[in-house]
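J.: Have a look; sequence and predicted model below, questions after that.
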2 protein chains.
Amino acid sequence: MIKFRVLLLTSLMILSYSTITPVSAQTSYEKYIDGAYETQLKEYADLVAIPSISSIPANKPDVERAADWIVKKLLSIGMTTAKIVPTDGLPAVYGSWDKAIGKPTVLIYAHYDVQPVKDGEWNSPPFTATIDNGKIFGRGASDDKSGVMIPIWAVEAMLRQDKTLPVNVKFVFEGEEESGSPNFRKLLARNKALFKADFALNADGGQFSETQPSIEKSYRGAAQLEFSVKTANVDAHSGEFGGKTPNAVVALSQIIASFYNKDGSVAVAGFYDKVLPLTTGEKEMIKKIPYDPANDMRMLGTTAETGDPNYSPLERIWYRPTLEIIGMQGGYTAADGYSNIIPGKAMARITCRLVDNQNGPEIVDLIVQHINKNCPAGATIQYTYRPNYAVAFKFPDDTKAYRYVADVLTKMYGKEPLQTATGGSVGSLVSIKDELGLYAYSLGFQQSDERAHGANEFFRLANMRKGQLVYCYYLRHLAEEEAGKAKK
Amino acid sequence: MIKFRVLLLTSLMILSYSTITPVSAQTSYEKYIDGAYETQLKEYADLVAIPSISSIPANKPDVERAADWIVKKLLSIGMTTAKIVPTDGLPAVYGSWDKAIGKPTVLIYAHYDVQPVKDGEWNSPPFTATIDNGKIFGRGASDDKSGVMIPIWAVEAMLRQDKTLPVNVKFVFEGEEESGSPNFRKLLARNKALFKADFALNADGGQFSETQPSIEKSYRGAAQLEFSVKTANVDAHSGEFGGKTPNAVVALSQIIASFYNKDGSVAVAGFYDKVLPLTTGEKEMIKKIPYDPANDMRMLGTTAETGDPNYSPLERIWYRPTLEIIGMQGGYTAADGYSNIIPGKAMARITCRLVDNQNGPEIVDLIVQHINKNCPAGATIQYTYRPNYAVAFKFPDDTKAYRYVADVLTKMYGKEPLQTATGGSVGSLVSIKDELGLYAYSLGFQQSDERAHGANEFFRLANMRKGQLVYCYYLRHLAEEEAGKAKK
């Protein structure tokens, strides 16, 4: 059953800013977007319905289908060019509108691939968009199919209303972000001319809340490692051999427990060596955040917070590295059935979030050394290295690119954006800086309670409209500011 | 492809004992059994093909089908009665041949249900009997469909050759042994007349080796507990919330690690309180066992032994209690896909093997207290209690029932049986003693390397023949000994 309730965006009423588009034009976008709402919802649902899980090989055809779907959509709205750009892995989608001769070009990044889902945890089918109480539920609805569709719809609205865009627009939609972007840097390096731009935006971002805009000033890096513990070639009868036979689950548990100090900090030797103290600016930034840890706790249903008590929760999420066990399995664990065995094998997956000049392979190496050192007698370890290491990344706020984004958010929300950070990783932004020389500032509309990566992920439908308007205004604002500069 | 190699049983040549059947009769059973070999193999394969997994509710029809199959087989060999006896759970099978008027009655116990299987670990389909190198591979081939079929075939051989049995025989085949026999005691209590007998045998047993017979003098008890750790209502994004959000897998690992002392002994307070020191007899018994721990290690593929170093491996398996983690799962662990989440939930299953006057519910209670005490901040525990607690059990060796079994094994193998124990649990034997007043001595032909409960379980085909002959001789020996006594 589809229930829906239109949320009124009171913030739209607040209009007063210096170099801002006439109200009439804004109104025309608003009208268009409101009129397109049902069609857009249908498109949203179509894209969410494609299980474009990049980390599951069997879903490769779905990832490709999603890419094709986006190319078709881009062509239908009047982009000059829209095409698949192959990579060494899953395809990227490229789109370009290049008729604003002499005007700047903005490159908008998002990713159309999604995380896997766990069976039995969703209240609605993860790959069927379900509308309830002003939210669209489905895997990727927030992260990051919202980031793919909102800029596309914004460009569509402008092309339909104005028959033109005020600047040139390029899209690059990645199909492997949730797998650690193993091929994105090469994609850019091989196609520098194609992706050349003057500005860049990252549509895989969020706002602090419904009423408080924000710009993300830093991302953590990431490193992954999977390892399995083997204590025997077979699962042994727990009676016939129990008492003297090493248990792989116990050995693995002991190794995992050894990763942490009593205070919750990471016990791996050298783990924090390259972590820098927080800067005064970062400390000041955090002071300004109206952050209530109780909100997160309520949302997640946690009853305590963990981690190094020498840092505040926000400091820990934004500026301190982590070592998380993202999955662990050993023995017979099917819901039905009971197998009285001593597991001979068990596995765990680690994700670290990294900061500053921590280096992914180096950190993984420290963890491997720690495991080898703490491996109980009778256990042998097999490591599965994953090739995706996102580097931690910080954005400056003294650039005009930053200011253009801040201007538009200020106008739209009626207050200046908070400077925030995120504990997440978008390795592709580092590649965009390194290969194209651009800071891709965050301009996305996800919120942290939308269960990205978890079950029952959702996106707030009201932000479809708000997000499109922000993008429309951004493109106009960029054109006007840059034109003004050109005149001078 | 079916490969098969007949093994010659040289031990059959050794024939000399006091109150033993004439050689001619033996030879006639041997001939019959050899002639029936292909038919028996087909029947074996038929029974192994039925996935009678008692702990998986969806397999209930298979368990029932296996019970029906056995009833049909019992009727076909000329048993007076054969029928399903319902329980509060899965059915038991009853069979009786009662025409040896005035002669003793022996009750033969085995179980036809099996353990579950794990996908991807078997070299051949677990529910397709596969013959290779003198072994029959398949779930339950050893534990305990060998124990069901061997006594049935023995009785069939005698009925075909002699048109009669020397004693009365009753069968009881349980369908819930692998689920902890939750209804077996009630089954006996409600049907005391039906199961009334003078002697009992447990066909769910083994021999020390191909050349060394053995009688099991004790079983450990068992207690089970499943528990899950919850740290959040949802799996949280490992970036956005990583560093301050409790991780259920980490909490569970810490709890599991806390179960053990550094020396491998169990750290749960009170766990060993009711364990008695080994008796002189038990110590003497162990001294006689030609046990080489290296053999087990080679077979299991282990590289070290664990557990309390104050006891020898055999002491630990036979006379010391254990706390094993038989399964553990948390987070996203599918082979394909990678989910960067902080697991909000994780679960583990515990099996304890118990000794002496340790009481299952009491031990589970101690473990619950330990978990509650060692539960990390932010984690809550949910317990799933399982209703099956096997009691540890010891058999006397100064009974005639013991001697009859020992006599026949001595004759068959050419040497006296070793007195052994087992670390396994057969709770039903305690019920047979309590409800029917009988010691069900072990007379089975499994061996400890046959991967009971694990992947690639098998049974040695040569023991089909040897086992049947042992049962034939046992029935004759029992008749003769008891007749001799009656005369005196």
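T.: Ah, there it is. Numbering: from 1, shown residues only, chains lettered A, B, ... in the order given.
J.: can you point me to the longest helix in chain A?
T.: Scanning chain A for the helix with the most residues, using DSSP state H, yields helix A:462-487.
J.: I'd like to know which elements that helix is packed against.
T.: Identification of packing neighbours for helix A:462-487 by 3 or more C-beta pairs under 8 Å, 6 or more residues apart in numbering or on different chains; DSSP states H and E yields helix A:23-35, helix A:37-48, helix A:145-162, helix A:400-413. Every C-beta, even on glycine, is put in place using the N, C-alpha and C of the backbone.
J.: Which residue, other than its chain neighbours, is closest to the residue of the stretch 51-200 of chain A found nearest chain B?
T.: Taking C-beta to the nearest C-beta as the measure, the stretch 51-200 of chain A has residue A:116 as its residue closest to chain B, at 3.4 Å. If you skip the residues right next to it in sequence, residue A:116 has residue B:337 as its closest partner in space, 3.4 Å away by C-beta to C-beta, 6 or more residues apart in numbering or on different chains.
J.: Can you get me a residue count around the one you found?
T.: With neighbours defined by other C-beta atoms under 10 Å in any protein chain shown, the count for residue B:337 comes to 21.
J.: about what we covered before: let me know the average pLDDT across the longest helix of chain A.
T.: Mean per-residue pLDDT for helix A:462-487: 93.
J.: swap in stretch A:426-433?
T.: 93.
J.: List of residues touching that stretch?
T.: Judged by C-beta atoms under 8 Å, 6 or more residues apart in numbering or on different chains, the contacts made with stretch A:426-433 from elsewhere in the structure are A:107, A:109, A:111, A:174, A:177, A:180-181, A:184-185, A:188, A:200, A:202, A:204, A:219, A:221-222, A:388-391, A:393, A:438-440.
J.: So which of these sit within helices?
T.: A:184, A:185, A:188.
J.: Pick the one among those residues closest to residue B:90.
T.: Comparing those against residue B:90 with C-beta to C-beta places residue A:184 closest, at 55.7 Å.
J.: Setting the sequence-adjacent residues aside, check what's closest to the closest one.
T.: Nearest-residue entry for residue A:184: residue A:428, 4.6 Å, with adjacent residues in sequence omitted and distances by C-beta to C-beta, 6+ apart.
J.: for residue A:93, same thing?
T.: With C-beta to C-beta, 6+ apart, the residue lying closest to residue A:93 is residue A:173, at 4.1 Å.
J.: Tell me what that neighbour is bridged to.
T.: When bridges are assigned using DSSP bridges, the partners listed for residue A:173 are residue A:93, residue A:110.
J.: Check which residues of the helix or strand hosting residue A:419 are buried.
T.: Here residue A:419, judged by DSSP states H and E, is contained in strand A:418-420. When neighbours are counted by 16 or more other C-beta atoms under 10 Å in any protein chain shown, the buried residues of strand A:418-420 are found to be A:418, A:419, A:420.
J.: next one: stretch A:71-85
T.: Neighbour-count burial for stretch A:71-85, with 16+ other C-beta under 10 Å as criterion, is recorded at A:71, A:73, A:74, A:77, A:78, A:79, A:82, A:83, A:85.
J.: can you pull out the strands in the stretch 301-450 of chain A?
T.: Counting by DSSP state E, counting those that start in this stretch, the stretch 301-450 of chain A has strands at residues A:322-331, A:341-342, A:345-354, A:380-385, A:393-394, A:418-420, A:440-442.
J.: for the fourth one, packing partners?
T.: Strand A:380-385 is packed against strand A:221-230, helix A:360-374, with contacts defined by 3+ C-beta pairs under 8 Å, 6+ apart.
J.: Having no further points to raise, I will conclude here.
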